[in-house]
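A.B. asks: My questions are about this predicted structure, shown below with the sequence.
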Amino acid sequence: MRAKFYLPTRVIAGPGCVKANAAALGALGSRAVVVTGKSSSKENGSLSDVEEALGSRGVAYAVYDGIGPNPGLEDCRGAARTIRAFDADFLVAIGGGSPLDAAKAAAILARNELSDDEAFSGNYPRGALPIAAVPTTAGTGSEVTQYAILTNDKAGTKSSIAWEGIFPAVAFLDARYLARLPRQVRINTALDALSHAAEGYLSLRADDWSRALAAEALRILGRALPKLALGESGSDLDEALLLAANLAGAVIAQTATTAVHAMGYSLTYRKGIDHGRANGLLLGAFLDYARGTAPEASQAVLRLTGFEDAAGFKALLDRLLGKRESLSAMELREFAAMASKTKHIANTAGAPDEATLAGLYAASLAVR
Ligand code: NAP
Ligand code: ZN
């Protein structure tokens, strides 16, 4: 037996869970800033539920709705200025991974004066404000991780803040908020969750606890993804996806992510490919690679998702992904060099070198 499991987030799930558990919000303080995206939380009922819950506990609040996809430090500094001006003692983050991650970084920046480099350092002497998280996509699992992944123009990629002080104190999972997710967002985010579960299962940092959670996430996704590919939707499917994404988030909180995410960040930063889709594009080739470096674990990933062999798994990915993007030979070399220098590689069985990573890009995208 081997484990080093830590997950300090209270997870509350079910239809209506925000309003029914308003006390869990009230327990975090008396003044809150709600950090959210530009529009979806106003349309899917999550923002009004949070506002009602805060109001019912006498919590004064302000709403900061300026967070778009792939936020950078400047976006988080904007939220932090509002948090300071309002003198908030906690945050409620509502939305997909972008607002959740921005809120986590803002929770640090509101308490600490940090340069751009210091912001990624993991050293925050004045701590961070507590956070309640309400995910409205089923993908990132950010509601149960210690990561905030931000666009970093200085580094020319996406970079992570990884610090235990930004694990949300509480996460509310209500699949009703997902009902009107655009099909493409639902697919891309599900691919992100699949990638977290598969990479986590295969990670050199996997332990008995993280594997148990990853196995369940893979089982759920193995049943849900073929339905998504067929264009099915509905509350049962959304609940399944939200649970799988949450379990997979708990997995990467233990194992971190591996080569797939390392490679995906350049696809997002340089090519504008959505985060989940970027991982989905790379996952099939990565599983082929892992058959050589972690044969038993990669076979288990296939079996848990319901496949006898890699061909069926890759055919499902193809149906979900449709036409693949292309890369120039120069981009391929640059992206492989960049990924090879990331800390994710140390978590990846076989520690793939630059040439191996270039081969994985070439197997995953059309090279012009
Ligand atoms: P996202 O960028 O948060 O949201 C994508 C789009 O979906 C936005 O246009 C958003 O609109 C919309 N949306 C969100 N919820 C919706 C709903 N319920 N109904 C309709 N539309 C909705 O996408 P994401 O894939 O969830 O998050 C990606 C980010 O998370 C990336 O930055 C990635 O690096 C990061 N990430 C973090 C972790 C972690 O552990 N912290 C893990 C993986 C990925 P609005 O803007 O109007 O809300
Ligand atoms: Zn991810």
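C.D. replies: Now that the structure is in, tell me what you want to look at. In this text, all values refer to a predicted model and were calculated from it rather than measured experimentally. Ligands and ions are numbered 1, 2, ... in the order given.

A.B. asks: Helix, strand or coil: sort out the one residue sitting closest to the centre of the chain for me.
C.D. replies: Closest to where the C-alpha atoms of the chain average out (Cα atoms, centre = their mean) is residue 140, at 2.2 Å. The three-state label given to residue 140 by DSSP: H, G, I helix; E, B strand; the rest coil is coil.

A.B. asks: Relative to residue 335, how far out is it?
C.D. replies: Separation of residue 140 from residue 335 (Cβ to Cβ, to the nearest Å): 22 Å. From N, CA and C alone the C-beta is placed, and that goes for glycine too.

A.B. asks: Now for the residue located most distally from the centre of the chain: which residues touch it?
C.D. replies: Relative to the C-alpha centroid of the chain, counting by Cα atoms, centre = their mean, residue 58 is the outermost residue, at 31.6 Å. Counting by Cβ atoms under 8 Å, 6 or more residues apart in numbering, residue 58 touches 26, 30.

A.B. asks: That one looks like it's in a helix, true?
C.D. replies: No. Looking at residue 58 with three-state DSSP, it is coil, so not inside a helix.

A.B. asks: circling back to that earlier point, confirm for me that the residue nearest to the centre of the chain is in contact with residue 99.
C.D. replies: No. The pair residue 140 / residue 99 is not scored as a contact, 10.6 Å apart, by Cβ atoms under 8 Å.

A.B. asks: picking that back up, which pLDDT value does the model give the residue nearest to the centre of the chain?
C.D. replies: pLDDT recorded at residue 140 is 98.

A.B. asks: tell me the contacts of it?
C.D. replies: 96-97, 100-101, 189, 192-193, 245, 249, 275.

A.B. asks: And it, its phi and psi?
C.D. replies: phi -70, psi -30 (degrees, to the nearest 10).

A.B. asks: show me what contacts the closest residue to residue 326 other than its chain neighbours?
C.D. replies: Excluding the flanking residues, the one nearest residue 326 by Cβ to Cβ, 6 or more residues apart in numbering is residue 366, at 3.9 Å. Residue 366 is in contact with 324-327, counting by Cβ under 8 Å, 6+ apart.

A.B. asks: How about residue 299?
C.D. replies: residue 291 are the contacts of residue 299 under Cβ under 8 Å, 6+ apart.

A.B. asks: distance of it from ligand 1?
C.D. replies: Residue 299 sits 26 Å away from ligand 1, going by Cβ to the nearest ligand atom, to the nearest Å.

A.B. asks: Show me what from the stretch 151-300 of the chain comes close to ligand 1.
C.D. replies: 158, 177-178, 180-181, 185, 189, 192, 275-276 (Cβ under 6 Å from any ligand atom).

A.B. asks: Just put those residues in CSV and tack on secondary structure, neighbour count and pLDDT.
C.D. replies: Below are those laid out as CSV (DSSP: H, G, I helix; E, B strand; the rest coil; neighbours: other Cβ atoms under 10 Å; pLDDT from 0 to 100):
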residue, secondary structure, neighbour count, pLDDT
158, strand, 20, 92
177, helix, 28, 98
178, helix, 24, 98
180, coil, 12, 95
181, coil, 22, 97
185, helix, 20, 97
189, helix, 28, 98
192, helix, 30, 98
275, helix, 26, 97
276, helix, 29, 98
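
A.B. asks: which other residues reach stretch 170-182?
C.D. replies: Applying Cβ under 8 Å, 6+ apart, the external contacts of stretch 170-182 come out as 9-18, 21, 24-25, 28, 41, 43-46, 49, 132-138, 143-144, 186, 189, 235, 238-239, 241-243, 246.
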